[in-house]
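1. Sequence first, then the predicted structure:
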Amino acid sequence: MTPATDRQRDWARNQDAMQPRRYGGGQPSKLTPAQRDEIRQRLADGESIRDLAQEFGVHTSTIRQYRP
């Protein structure tokens with residue numbers, strides 16, 4: 001192979017490695033499915049987002065994801 005072809009192959013390989021993953025990846029959930037169900041129920045019962053966030057040790061934006 002010529003040096004130019006080697007550089008092109010290396011460049012293409014690096015481009016693939018730099019592409020973001022479209023699905024999956026990221027952090028694992030801090031809440032189990034059972035905890036998420038409990039949060040949904042307690043929010044439906046009128047419990048405070050702030051109180052639930054403190055109890056479960058997550059940010060209020062995490063709790064807001066489970067609003068009914």
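-> That came through fine.
2. so how far is the first residue of stretch 42-52 from its last?
-> End-to-end distance for stretch 42-52: 8 Å, by CA to CA, to the nearest Å.
3. Let me see the mean pLDDT of it.
-> Mean per-residue pLDDT for stretch 42-52: 97.
4. Quick check: buried residues in that stretch?
-> For stretch 42-52, the neighbour count (16 or more other CB atoms under 10 Å) marks 42-43, 49, 52 as buried. Just so you know, the C-beta spots here come from the backbone N, C-alpha and C atoms, and that holds for glycine as well.
5. now, the most widely separated pair of these?
-> Pairwise distances across those (CB to CB) peak at 9.9 Å, for the pair 42 and 49.
6. quick one: contacts for residue 44?
-> If you count contacts by CB atoms under 8 Å, 6 or more residues apart in numbering, residue 44 has them with residue 68.
7. right, I mislabeled it, should have said residue 35
-> Residue 35 sits in contact with residue 56, where contact means CB under 8 Å, 6+ apart.
8. re earlier: can you tell me which of the buried residues of stretch 42-52 are in helices?
-> When helices are assigned by DSSP state H, the members of these inside them are 42-43, 49, 52.
9. For these, give me JSON lines that also has distance to residue 32.
-> Shown next, in JSON lines, are those (distance: CB to CB, whole Å):
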{"residue": "42", "distance to residue 32": "15"}
{"residue": "43", "distance to residue 32": "17"}
{"residue": "49", "distance to residue 32": "19"}
{"residue": "52", "distance to residue 32": "14"}
